[in-house]
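A.B. asks: Below are the sequence and a predicted model; questions follow.
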Amino acid sequence: MYGMSQKLQHLLWRFGFGPRTKSWDNWASLPENTWWPKLRDESLAAKPIYFDVADSAVKGLLMGIGEIGKMERKDLDAADRKEIREKSRDNLRSLNLLWMEEMTHSKAQLREKMALFWHGHFASRNINILYQQQMLHVVREHALGNFGDLMRGVSKSAAMLAFLNNQQNKKKHPNENFAREVMELFTLGRGHYTEQDVKEAARAFTGWGFRLNGDFVFRKTDHDDGTKTVLGKTGKLNGDDVLHILLEKKETARFIVRKTYKYLVNDTLVPEDRIAWLADRFYDSGYQIMRLLEDIARSDWFYAPENTGNKIKSPVELWVGIRRALPLELDNPESQMVLQRALGQILFFPPNVAGWPGGKNWIDSSSLMLRLRLPQMLFAQSDLDVDTKDDDDQQMGQSRPNIAKRGFAAAVEWQPVLDLFKKTPEHELTTTMAQYLWAMPNPKPPVSILQQHTDRSHRASLVKTTLIQLMATPEYQLS
(Lines give C-alpha, C1' and ligand atoms only; values in the text may rest on other atoms or scores of the structure.)
Protein backbone atom coordinates (compact mmCIF):
# COMPACT_ATOMS: atom_id res chain seq x y z
CA MET A 1 0.00 0.00 0.00
CA TYR A 2 0.97 3.60 -0.40
CA GLY A 3 2.44 5.56 2.44
CA MET A 4 1.12 9.09 2.98
CA SER A 5 3.99 10.75 1.12
CA GLN A 6 3.57 8.48 -1.88
CA LYS A 7 -0.18 9.04 -1.99
CA LEU A 8 0.56 12.75 -2.21
CA GLN A 9 3.20 12.15 -4.86
CA HIS A 10 0.71 10.06 -6.87
CA LEU A 11 -1.92 12.81 -6.72
CA LEU A 12 0.55 15.50 -7.77
CA TRP A 13 1.84 13.43 -10.68
CA ARG A 14 -1.51 12.36 -12.08
CA PHE A 15 -3.26 15.72 -11.66
CA GLY A 16 -0.17 17.83 -12.24
CA PHE A 17 3.47 17.53 -13.23
CA GLY A 18 4.81 16.00 -10.05
CA PRO A 19 6.03 17.30 -6.69
CA ARG A 20 7.88 20.59 -6.57
CA THR A 21 10.87 20.37 -4.27
CA LYS A 22 10.43 23.94 -3.06
CA SER A 23 6.87 23.35 -1.85
CA TRP A 24 6.89 19.65 -0.92
CA ASP A 25 7.24 20.20 2.84
CA ASN A 26 4.26 22.58 2.80
CA TRP A 27 2.10 20.04 0.99
CA ALA A 28 3.26 17.12 3.14
CA SER A 29 2.39 19.00 6.34
CA LEU A 30 -1.28 19.29 5.31
CA PRO A 31 -4.01 16.77 6.25
CA GLU A 32 -4.69 14.27 3.46
CA ASN A 33 -8.29 15.41 3.02
CA THR A 34 -7.09 18.90 2.03
CA TRP A 35 -4.76 17.83 -0.80
CA TRP A 36 -7.32 17.53 -3.58
CA PRO A 37 -9.26 20.70 -2.63
CA LYS A 38 -5.99 22.66 -2.56
CA LEU A 39 -4.91 21.31 -5.95
CA ARG A 40 -8.35 22.02 -7.41
CA ASP A 41 -8.80 25.48 -5.91
CA GLU A 42 -5.35 26.70 -6.95
CA SER A 43 -6.33 26.01 -10.56
CA LEU A 44 -9.71 27.70 -10.23
CA ALA A 45 -8.41 30.78 -8.42
CA ALA A 46 -7.83 32.84 -11.56
CA LYS A 47 -8.45 32.63 -15.29
CA PRO A 48 -5.44 31.79 -17.43
CA ILE A 49 -3.48 34.66 -18.90
CA TYR A 50 -3.62 34.85 -22.69
CA PHE A 51 -0.23 33.91 -24.12
CA ASP A 52 0.49 36.48 -26.83
CA VAL A 53 3.84 35.99 -28.53
CA ALA A 54 2.79 36.84 -32.09
CA ASP A 55 5.17 39.11 -33.93
CA SER A 56 3.87 42.63 -34.59
CA ALA A 57 4.51 42.14 -38.30
CA VAL A 58 2.28 39.06 -38.33
CA LYS A 59 -0.43 40.93 -36.45
CA GLY A 60 -0.11 43.81 -38.88
CA LEU A 61 -0.63 41.53 -41.87
CA LEU A 62 -3.49 39.56 -40.35
CA MET A 63 -5.21 41.98 -38.01
CA GLY A 64 -4.46 45.49 -39.27
CA ILE A 65 -7.42 47.82 -39.81
CA GLY A 66 -6.20 48.60 -43.27
CA GLU A 67 -6.25 44.92 -44.18
CA ILE A 68 -9.99 44.28 -43.76
CA GLY A 69 -10.57 43.83 -47.47
CA LYS A 70 -7.53 41.63 -47.73
CA MET A 71 -8.78 39.52 -44.81
CA GLU A 72 -12.01 38.80 -46.63
CA ARG A 73 -10.47 38.13 -50.04
CA LYS A 74 -7.48 36.21 -48.70
CA ASP A 75 -5.28 37.64 -51.42
CA LEU A 76 -2.09 38.01 -49.40
CA ASP A 77 0.77 38.05 -51.84
CA ALA A 78 3.62 35.52 -51.81
CA ALA A 79 5.96 37.80 -49.85
CA ASP A 80 3.34 38.33 -47.13
CA ARG A 81 2.67 34.61 -46.84
CA LYS A 82 6.38 33.83 -46.62
CA GLU A 83 6.87 36.43 -43.88
CA ILE A 84 3.94 35.02 -41.89
CA ARG A 85 5.32 31.46 -42.16
CA GLU A 86 8.85 32.42 -41.13
CA LYS A 87 7.86 34.62 -38.23
CA SER A 88 5.20 32.14 -37.10
CA ARG A 89 7.82 29.41 -36.81
CA ASP A 90 9.89 31.57 -34.49
CA ASN A 91 6.82 32.63 -32.53
CA LEU A 92 5.64 29.01 -32.16
CA ARG A 93 8.94 28.15 -30.48
CA SER A 94 8.33 31.04 -28.08
CA LEU A 95 4.77 29.86 -27.39
CA ASN A 96 6.00 26.32 -26.80
CA LEU A 97 8.63 27.41 -24.28
CA LEU A 98 6.28 29.86 -22.56
CA TRP A 99 3.70 27.13 -21.97
CA MET A 100 6.37 24.79 -20.61
CA GLU A 101 7.43 27.48 -18.16
CA GLU A 102 3.81 27.76 -17.04
CA MET A 103 3.57 23.99 -16.56
CA THR A 104 6.76 24.06 -14.52
CA HIS A 105 6.08 26.99 -12.23
CA SER A 106 2.33 27.57 -12.12
CA LYS A 107 0.28 26.69 -9.05
CA ALA A 108 -2.55 25.90 -11.49
CA GLN A 109 -1.13 22.41 -12.01
CA LEU A 110 -4.49 20.75 -12.56
CA ARG A 111 -5.49 23.24 -15.24
CA GLU A 112 -2.25 22.93 -17.17
CA LYS A 113 -2.22 19.11 -16.89
CA MET A 114 -5.75 18.93 -18.29
CA ALA A 115 -4.92 21.55 -20.93
CA LEU A 116 -2.13 19.23 -22.10
CA PHE A 117 -4.69 16.42 -22.28
CA TRP A 118 -7.12 18.47 -24.37
CA HIS A 119 -4.20 19.70 -26.50
CA GLY A 120 -3.66 16.08 -27.51
CA HIS A 121 -7.38 15.28 -27.76
CA PHE A 122 -8.11 18.21 -30.07
CA ALA A 123 -4.89 17.74 -32.00
CA SER A 124 -4.07 20.35 -34.61
CA ARG A 125 -0.99 21.18 -36.65
CA ASN A 126 -0.98 24.72 -37.95
CA ILE A 127 1.99 26.94 -38.66
CA ASN A 128 0.03 30.17 -38.06
CA ILE A 129 1.02 31.55 -34.64
CA LEU A 130 -2.12 33.66 -34.30
CA TYR A 131 -4.38 30.65 -34.72
CA GLN A 132 -2.33 28.41 -32.46
CA GLN A 133 -2.22 30.84 -29.55
CA GLN A 134 -5.96 31.49 -29.94
CA MET A 135 -6.71 27.77 -29.78
CA LEU A 136 -4.36 27.22 -26.84
CA HIS A 137 -6.25 29.86 -24.91
CA VAL A 138 -9.57 28.15 -25.66
CA VAL A 139 -8.12 24.88 -24.35
CA ARG A 140 -6.62 26.41 -21.21
CA GLU A 141 -9.70 28.55 -20.50
CA HIS A 142 -12.10 25.60 -20.67
CA ALA A 143 -9.78 22.82 -19.48
CA LEU A 144 -11.67 22.42 -16.19
CA GLY A 145 -15.02 23.80 -17.31
CA ASN A 146 -17.74 22.41 -19.55
CA PHE A 147 -16.81 19.97 -22.30
CA GLY A 148 -19.55 21.31 -24.56
CA ASP A 149 -18.16 24.83 -24.31
CA LEU A 150 -14.66 23.52 -24.93
CA MET A 151 -15.74 21.53 -27.98
CA ARG A 152 -17.65 24.45 -29.46
CA GLY A 153 -14.70 26.78 -28.88
CA VAL A 154 -12.24 24.41 -30.52
CA SER A 155 -14.63 23.59 -33.37
CA LYS A 156 -14.93 27.28 -34.25
CA SER A 157 -11.20 28.00 -33.96
CA ALA A 158 -9.25 28.94 -37.05
CA ALA A 159 -6.54 26.43 -36.15
CA MET A 160 -8.93 23.46 -36.24
CA LEU A 161 -11.09 24.64 -39.14
CA ALA A 162 -7.96 25.20 -41.23
CA PHE A 163 -6.31 21.93 -40.19
CA LEU A 164 -9.40 19.90 -41.11
CA ASN A 165 -10.16 21.83 -44.30
CA ASN A 166 -13.58 23.16 -43.33
CA GLN A 167 -12.77 26.45 -45.02
CA GLN A 168 -13.26 24.46 -48.24
CA ASN A 169 -16.54 22.88 -47.05
CA LYS A 170 -19.22 24.47 -49.23
CA LYS A 171 -22.67 23.50 -50.45
CA LYS A 172 -22.63 21.29 -53.54
CA HIS A 173 -18.94 20.58 -52.78
CA PRO A 174 -18.86 19.36 -49.15
CA ASN A 175 -15.56 18.44 -47.51
CA GLU A 176 -16.03 15.67 -44.95
CA ASN A 177 -12.74 15.96 -43.01
CA PHE A 178 -13.99 18.15 -40.19
CA ALA A 179 -17.30 16.34 -39.70
CA ARG A 180 -15.59 12.94 -39.66
CA GLU A 181 -12.97 13.85 -37.06
CA VAL A 182 -15.51 15.63 -34.84
CA MET A 183 -17.36 12.31 -34.61
CA GLU A 184 -14.50 9.82 -34.65
CA LEU A 185 -11.87 11.55 -32.52
CA PHE A 186 -13.54 14.32 -30.54
CA THR A 187 -16.89 12.88 -29.42
CA LEU A 188 -18.44 9.49 -30.29
CA GLY A 189 -15.50 7.33 -31.30
CA ARG A 190 -15.52 4.76 -34.07
CA GLY A 191 -18.52 2.48 -34.45
CA HIS A 192 -21.13 4.93 -33.23
CA TYR A 193 -21.92 6.69 -36.50
CA THR A 194 -22.33 5.79 -40.17
CA GLU A 195 -20.76 7.12 -43.33
CA GLN A 196 -24.13 8.68 -44.11
CA ASP A 197 -24.01 10.54 -40.77
CA VAL A 198 -20.63 11.97 -41.79
CA LYS A 199 -21.93 13.09 -45.19
CA GLU A 200 -24.97 14.75 -43.65
CA ALA A 201 -22.95 16.39 -40.86
CA ALA A 202 -20.51 17.75 -43.43
CA ARG A 203 -23.45 19.48 -45.14
CA ALA A 204 -24.43 20.98 -41.78
CA PHE A 205 -20.93 22.39 -41.28
CA THR A 206 -20.81 24.07 -44.71
CA GLY A 207 -20.15 27.77 -44.39
CA TRP A 208 -18.11 27.47 -41.18
CA GLY A 209 -14.89 29.34 -41.72
CA PHE A 210 -12.63 32.08 -40.38
CA ARG A 211 -11.11 35.40 -41.28
CA LEU A 212 -7.38 35.96 -41.54
CA ASN A 213 -7.30 37.34 -38.00
CA GLY A 214 -8.69 34.03 -36.68
CA ASP A 215 -12.25 35.19 -36.01
CA PHE A 216 -14.92 32.58 -36.71
CA VAL A 217 -17.27 33.50 -39.54
CA PHE A 218 -20.41 31.83 -40.85
CA ARG A 219 -20.65 32.35 -44.60
CA LYS A 220 -24.33 31.95 -45.31
CA THR A 221 -23.88 31.80 -49.07
CA ASP A 222 -21.65 28.72 -48.65
CA HIS A 223 -24.07 26.93 -46.31
CA ASP A 224 -26.34 24.11 -47.41
CA ASP A 225 -29.63 24.96 -45.74
CA GLY A 226 -31.43 21.84 -46.94
CA THR A 227 -32.88 19.09 -44.74
CA LYS A 228 -30.37 16.68 -43.23
CA THR A 229 -30.51 13.63 -40.97
CA VAL A 230 -27.67 13.13 -38.47
CA LEU A 231 -27.74 10.29 -35.93
CA GLY A 232 -31.49 9.99 -36.29
CA LYS A 233 -32.27 13.70 -35.97
CA THR A 234 -33.78 15.39 -39.03
CA GLY A 235 -34.14 19.05 -39.88
CA LYS A 236 -32.42 21.98 -41.54
CA LEU A 237 -29.43 21.31 -39.33
CA ASN A 238 -26.42 23.60 -39.01
CA GLY A 239 -23.06 23.01 -37.33
CA ASP A 240 -24.23 24.03 -33.86
CA ASP A 241 -27.15 21.62 -34.18
CA VAL A 242 -24.78 18.76 -34.97
CA LEU A 243 -22.56 19.53 -31.96
CA HIS A 244 -25.69 19.53 -29.77
CA ILE A 245 -26.77 16.17 -31.20
CA LEU A 246 -23.33 14.73 -30.48
CA LEU A 247 -23.49 15.90 -26.87
CA GLU A 248 -26.91 14.31 -26.47
CA LYS A 249 -25.41 10.89 -27.22
CA LYS A 250 -24.20 9.03 -24.12
CA GLU A 251 -21.51 7.45 -26.29
CA THR A 252 -19.79 10.84 -26.26
CA ALA A 253 -19.65 10.87 -22.46
CA ARG A 254 -18.27 7.31 -22.41
CA PHE A 255 -15.67 8.12 -25.07
CA ILE A 256 -14.39 11.18 -23.20
CA VAL A 257 -14.44 9.42 -19.82
CA ARG A 258 -12.54 6.39 -21.12
CA LYS A 259 -9.84 8.58 -22.65
CA THR A 260 -9.59 10.72 -19.50
CA TYR A 261 -9.37 7.59 -17.33
CA LYS A 262 -6.49 6.27 -19.43
CA TYR A 263 -4.72 9.61 -19.08
CA LEU A 264 -5.16 10.03 -15.34
CA VAL A 265 -5.54 6.53 -13.92
CA ASN A 266 -4.50 3.53 -16.00
CA ASP A 267 -3.99 3.19 -19.74
CA THR A 268 -4.12 -0.62 -19.86
CA LEU A 269 -6.54 -1.73 -17.13
CA VAL A 270 -9.86 0.03 -17.78
CA PRO A 271 -12.84 -1.57 -15.95
CA GLU A 272 -16.00 -1.08 -18.01
CA ASP A 273 -18.31 -0.87 -15.00
CA ARG A 274 -16.21 1.98 -13.62
CA ILE A 275 -16.24 3.80 -16.96
CA ALA A 276 -20.02 3.40 -17.15
CA TRP A 277 -20.48 4.86 -13.64
CA LEU A 278 -18.21 7.80 -14.33
CA ALA A 279 -19.78 8.43 -17.74
CA ASP A 280 -23.31 8.46 -16.33
CA ARG A 281 -22.36 11.07 -13.75
CA PHE A 282 -20.41 13.10 -16.32
CA TYR A 283 -23.38 13.03 -18.71
CA ASP A 284 -25.90 13.88 -15.98
CA SER A 285 -23.79 16.86 -14.92
CA GLY A 286 -24.10 18.32 -18.41
CA TYR A 287 -20.47 17.46 -19.19
CA GLN A 288 -18.88 19.32 -16.28
CA ILE A 289 -15.22 18.33 -16.47
CA MET A 290 -14.61 19.08 -12.81
CA ARG A 291 -17.33 16.60 -11.81
CA LEU A 292 -15.40 13.88 -13.62
CA LEU A 293 -12.08 14.91 -12.05
CA GLU A 294 -13.64 15.05 -8.58
CA ASP A 295 -15.08 11.56 -8.98
CA ILE A 296 -11.67 10.20 -9.96
CA ALA A 297 -9.62 12.05 -7.35
CA ARG A 298 -11.95 11.23 -4.44
CA SER A 299 -12.28 7.52 -5.26
CA ASP A 300 -10.55 4.75 -3.34
CA TRP A 301 -9.50 2.99 -6.52
CA PHE A 302 -7.49 6.00 -7.71
CA TYR A 303 -4.83 5.04 -5.13
CA ALA A 304 -5.11 1.25 -5.64
CA PRO A 305 -1.78 -0.53 -6.25
CA GLU A 306 -2.74 -1.49 -9.81
CA ASN A 307 -3.18 2.19 -10.65
CA THR A 308 0.10 3.48 -9.21
CA GLY A 309 3.53 3.69 -10.79
CA ASN A 310 2.18 2.13 -13.99
CA LYS A 311 2.08 4.97 -16.54
CA ILE A 312 4.99 5.92 -18.78
CA LYS A 313 5.50 9.66 -18.51
CA SER A 314 5.09 11.57 -21.73
CA PRO A 315 8.22 13.52 -22.76
CA VAL A 316 6.64 16.78 -21.61
CA GLU A 317 5.57 15.26 -18.28
CA LEU A 318 9.03 13.79 -17.75
CA TRP A 319 10.91 17.00 -18.52
CA VAL A 320 8.59 19.33 -16.60
CA GLY A 321 8.68 16.90 -13.66
CA ILE A 322 12.48 16.95 -13.66
CA ARG A 323 12.44 20.74 -13.59
CA ARG A 324 10.01 20.77 -10.66
CA ALA A 325 12.07 18.29 -8.66
CA LEU A 326 15.41 19.81 -9.64
CA PRO A 327 15.03 23.61 -9.89
CA LEU A 328 17.11 24.86 -12.80
CA GLU A 329 17.42 27.53 -15.43
CA LEU A 330 18.82 26.53 -18.81
CA ASP A 331 21.48 28.73 -20.36
CA ASN A 332 19.86 28.03 -23.72
CA PRO A 333 16.11 27.45 -23.28
CA GLU A 334 15.71 26.63 -26.98
CA SER A 335 17.56 23.37 -26.38
CA GLN A 336 14.23 22.18 -25.01
CA MET A 337 12.89 22.23 -28.57
CA VAL A 338 15.53 19.75 -29.67
CA LEU A 339 14.79 17.67 -26.58
CA GLN A 340 11.07 17.51 -27.39
CA ARG A 341 11.83 16.50 -30.94
CA ALA A 342 14.26 13.78 -29.87
CA LEU A 343 11.82 12.37 -27.32
CA GLY A 344 8.87 12.44 -29.71
CA GLN A 345 6.50 15.13 -28.42
CA ILE A 346 6.64 18.67 -29.77
CA LEU A 347 3.90 20.86 -28.38
CA PHE A 348 1.64 22.22 -31.17
CA PHE A 349 2.94 19.60 -33.59
CA PRO A 350 1.15 16.30 -32.90
CA PRO A 351 1.90 13.52 -35.42
CA ASN A 352 -1.65 13.67 -36.83
CA VAL A 353 -5.23 14.58 -35.95
CA ALA A 354 -5.43 11.62 -33.55
CA GLY A 355 -2.75 13.19 -31.34
CA TRP A 356 0.08 11.36 -29.61
CA PRO A 357 -0.73 7.65 -29.05
CA GLY A 358 1.00 7.60 -25.64
CA GLY A 359 1.68 4.58 -23.46
CA LYS A 360 4.47 2.30 -24.67
CA ASN A 361 4.66 4.35 -27.85
CA TRP A 362 6.66 6.93 -25.91
CA ILE A 363 9.54 4.48 -25.60
CA ASP A 364 11.95 3.08 -28.14
CA SER A 365 15.62 2.19 -27.77
CA SER A 366 16.95 5.66 -28.59
CA SER A 367 14.37 7.66 -26.64
CA LEU A 368 14.78 5.45 -23.57
CA MET A 369 18.54 5.93 -23.59
CA LEU A 370 18.11 9.69 -23.86
CA ARG A 371 15.56 9.68 -21.02
CA LEU A 372 18.02 7.82 -18.80
CA ARG A 373 20.90 10.13 -19.76
CA LEU A 374 19.02 13.38 -19.20
CA PRO A 375 19.71 13.86 -15.47
CA GLN A 376 23.42 13.14 -15.89
CA MET A 377 23.62 15.51 -18.87
CA LEU A 378 22.17 18.26 -16.69
CA PHE A 379 24.55 17.44 -13.86
CA ALA A 380 27.57 17.38 -16.18
CA GLN A 381 26.32 20.37 -18.23
CA SER A 382 27.10 18.42 -21.38
CA ASP A 383 25.84 19.05 -24.90
CA LEU A 384 22.50 17.72 -26.01
CA ASP A 385 23.79 15.82 -29.04
CA VAL A 386 21.03 13.61 -30.43
CA ASP A 387 19.76 12.16 -33.68
CA THR A 388 16.29 13.30 -34.63
CA LYS A 389 13.88 12.52 -37.43
CA ASP A 390 14.00 14.97 -40.32
CA ASP A 391 10.47 16.41 -40.38
CA ASP A 392 10.74 20.11 -41.10
CA ASP A 393 7.06 20.66 -40.34
CA GLN A 394 7.54 19.23 -36.85
CA GLN A 395 10.90 20.96 -36.45
CA MET A 396 9.22 24.30 -37.15
CA GLY A 397 11.99 25.37 -39.48
CA GLN A 398 14.81 24.02 -37.33
CA SER A 399 16.20 21.60 -39.92
CA ARG A 400 19.58 23.29 -40.13
CA PRO A 401 23.03 21.63 -39.98
CA ASN A 402 24.03 20.47 -36.48
CA ILE A 403 20.77 21.74 -35.02
CA ALA A 404 20.62 18.67 -32.79
CA LYS A 405 23.78 19.65 -30.94
CA ARG A 406 22.82 22.23 -28.37
CA GLY A 407 24.41 23.29 -25.13
CA PHE A 408 22.50 21.84 -22.21
CA ALA A 409 24.19 23.83 -19.47
CA ALA A 410 21.91 24.80 -16.62
CA ALA A 411 22.15 26.72 -13.39
CA VAL A 412 20.84 24.18 -10.89
CA GLU A 413 19.43 25.53 -7.65
CA TRP A 414 20.57 22.75 -5.29
CA GLN A 415 19.71 24.38 -1.98
CA PRO A 416 16.00 23.38 -1.97
CA VAL A 417 17.05 19.77 -2.61
CA LEU A 418 19.64 19.87 0.17
CA ASP A 419 17.11 21.45 2.54
CA LEU A 420 14.45 18.86 1.77
CA PHE A 421 16.69 15.97 2.85
CA LYS A 422 18.83 17.69 5.48
CA LYS A 423 17.26 15.70 8.36
CA THR A 424 17.46 12.33 6.61
CA PRO A 425 20.16 10.04 8.11
CA GLU A 426 22.78 9.03 5.58
CA HIS A 427 21.93 5.32 5.75
CA GLU A 428 18.29 6.13 4.88
CA LEU A 429 19.02 8.70 2.20
CA THR A 430 18.71 6.52 -0.91
CA THR A 431 15.46 4.90 0.18
CA THR A 432 13.91 8.19 1.33
CA MET A 433 14.84 9.95 -1.91
CA ALA A 434 13.46 7.03 -3.92
CA GLN A 435 10.15 7.40 -2.09
CA TYR A 436 10.08 11.03 -3.18
CA LEU A 437 11.10 10.40 -6.81
CA TRP A 438 9.73 6.96 -7.69
CA ALA A 439 5.99 6.47 -8.03
CA MET A 440 5.53 2.77 -7.24
CA PRO A 441 4.36 1.61 -3.79
CA ASN A 442 7.17 0.76 -1.37
CA PRO A 443 10.08 1.41 -3.75
CA LYS A 444 13.13 -0.73 -3.05
CA PRO A 445 16.11 0.91 -4.75
CA PRO A 446 19.28 -1.18 -5.19
CA VAL A 447 21.14 0.81 -2.54
CA SER A 448 24.50 -0.94 -2.85
CA ILE A 449 24.58 -0.54 -6.64
CA LEU A 450 23.51 3.09 -6.56
CA GLN A 451 26.06 3.91 -3.88
CA GLN A 452 28.83 2.77 -6.20
CA HIS A 453 28.00 5.73 -8.44
CA THR A 454 27.53 8.41 -5.82
CA ASP A 455 30.03 10.91 -4.49
CA ARG A 456 30.33 10.32 -0.76
CA SER A 457 33.10 12.85 -0.18
CA HIS A 458 30.69 15.15 1.68
CA ARG A 459 26.99 15.40 2.44
CA ALA A 460 26.01 17.83 -0.33
CA SER A 461 27.73 15.75 -3.01
CA LEU A 462 26.05 12.61 -1.72
CA VAL A 463 22.58 14.17 -1.89
CA LYS A 464 23.18 15.59 -5.37
CA THR A 465 24.58 12.43 -6.92
CA THR A 466 21.98 10.20 -5.26
CA LEU A 467 19.21 12.33 -6.73
CA ILE A 468 20.76 12.17 -10.19
CA GLN A 469 21.24 8.40 -10.00
CA LEU A 470 17.64 7.83 -8.93
CA MET A 471 16.34 10.03 -11.76
CA ALA A 472 18.48 8.14 -14.28
CA THR A 473 16.53 4.90 -13.77
CA PRO A 474 13.71 3.09 -15.55
CA GLU A 475 11.61 3.52 -12.41
CA TYR A 476 11.67 7.31 -12.75
CA GLN A 477 10.10 7.01 -16.20
CA LEU A 478 6.84 5.93 -14.55
CA SER A 479 4.22 7.94 -12.72
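C.D. replies: Nice, thanks for sending it over.
A.B. asks: Next, count neighbours for the nearest residue to residue 150 once chain neighbours are set aside.
C.D. replies: Leaving aside its chain neighbours, residue 150 sits nearest to residue 142 (3.8 Å; criterion: Cβ to Cβ, 6 or more residues apart in numbering). Backbone N, C-alpha and C define where each C-beta goes, glycine included. Number of residues near residue 142 (other Cβ atoms under 10 Å) recorded here: 22.
A.B. asks: quick one: residue 142 and residue 152 touch, right?
C.D. replies: No - assessed by Cβ atoms under 8 Å, residue 142 is found out of contact with residue 152, at 9.2 Å.
A.B. asks: so the residue nearest the centre of the chain, which of the three states?
C.D. replies: To find the centre residue of the chain, average its C-alpha atoms and take the closest one (Cα atoms, centre = their mean): that gives residue 116, at 1.9 Å. Classification of residue 116 using DSSP: H, G, I helix; E, B strand; the rest coil returns helix.
A.B. asks: Pop out the phi and psi values for the closest residue to it other than its chain neighbours.
C.D. replies: Counting by Cβ to Cβ, 6+ apart, the nearest residue to residue 116 once its immediate chain neighbours are dropped is residue 316, at 6.5 Å. Here is the backbone geometry of residue 316 (degrees, to the nearest 10): phi -70, psi -40.
A.B. asks: how many other residues sit next to residue 316?
C.D. replies: Quick note: residue 316 (other Cβ under 10 Å) scores 24 neighbours.
A.B. asks: Could you do residue 105 as well?
C.D. replies: Neighbours of residue 105 (other Cβ under 10 Å): 15.
A.B. asks: Also residue 364?
C.D. replies: By the criterion of other Cβ under 10 Å, residue 364 has 10 neighbours.
A.B. asks: Distance of it relative to residue 370?
C.D. replies: Distance of residue 364 to residue 370, given as Cβ to Cβ, to the nearest Å: 10 Å.
A.B. asks: Sketch out the low-pLDDT regions of the stretch 151-300 of the chain for me.
C.D. replies: Along the stretch 151-300 of the chain, no part satisfies pLDDT under 70.
A.B. asks: Let's see that with 90 instead.
C.D. replies: By pLDDT under 90, the weakly predicted segments of the stretch 151-300 of the chain are 212.
A.B. asks: Same check on the stretch 351-479 of the chain?
C.D. replies: For the stretch 351-479 of the chain (pLDDT under 90), the answer is 365-366, 380-410, 440-444, 447-453.
A.B. asks: Can you spell out the domain ranges of the protein, please?
C.D. replies: 35-144, 249-307, 312-413 (automatic domain parsing).
A.B. asks: Same list, these, but as a markdown table with distance to residue 26 please.
C.D. replies: What follows is the domains of the chain, written out as a markdown table (distance: least, Cβ to Cβ, whole Å):
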| stretch | distance to residue 26 |
| --- | --- |
| domain 35-144 | 10 |
| domain 249-307 | 19 |
| domain 312-413 | 14 |
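A.B. asks: Ok, which of these comes nearest residue 3?
C.D. replies: Ranking those by proximity to residue 3 (Cβ to Cβ) places domain 249-307 first, at 11.0 Å.
A.B. asks: what's the span of the closest one, first residue to last?
C.D. replies: 29 Å (Cα to Cα, to the nearest Å).
A.B. asks: just stretch 445-455 next, same as before
C.D. replies: One end of stretch 445-455 to the other measures 17 Å (Cα to Cα).
A.B. asks: ok, now which ones touch the residue nearest to residue 116?
C.D. replies: 100, 103, 116, 340, 345, 347 (Cβ atoms under 8 Å, 6 or more residues apart in numbering).
A.B. asks: just the strands in this structure please.
C.D. replies: For the chain, applying DSSP state E gives strands covering 208-210, 216-218, 228-230, 233-235, 328-330, 383-385, 405-407, 410-412.
A.B. asks: buried set for the first one?
C.D. replies: Using 16 or more other Cβ atoms under 10 Å as the burial criterion, the residues of strand 208-210 that qualify are 208-210.
A.B. asks: if we look at that strand, which residues are touching it?
C.D. replies: 131, 155-158, 161-162, 166-167, 169, 178, 216-219, 222, 239.
A.B. asks: Kindly recompute the last result at 6 Å.
C.D. replies: 158, 161, 166-167, 216-217, 219, 239 (Cβ atoms under 6 Å, 6 or more residues apart in numbering).
A.B. asks: Identify the residues contacting stretch 49-61?
C.D. replies: Residues from elsewhere that reach stretch 49-61, judged by Cβ under 6 Å, 6+ apart: 80, 84, 87, 91, 94-95, 98, 129-130, 133, 137.
A.B. asks: For residue 421, what are phi and psi?
C.D. replies: According to degrees, to the nearest 10, residue 421 has phi -110, psi 20.
A.B. asks: Now do the closest residue to it other than its chain neighbours: how many residues are near it, please.
C.D. replies: Spatial nearest neighbour of residue 421, excluding adjacent residues (Cβ to Cβ, 6+ apart): residue 463 at 5.6 Å. Residues lying near residue 463 (other Cβ under 10 Å) number 23.
A.B. asks: what's the spacing between residue 463 and residue 238?
C.D. replies: 62 Å.
A.B. asks: what do you get for residue 326?
C.D. replies: According to Cβ to Cβ, residue 326 and residue 238 sit 52 Å apart.
A.B. asks: what does residue 435 give?
C.D. replies: 56 Å.
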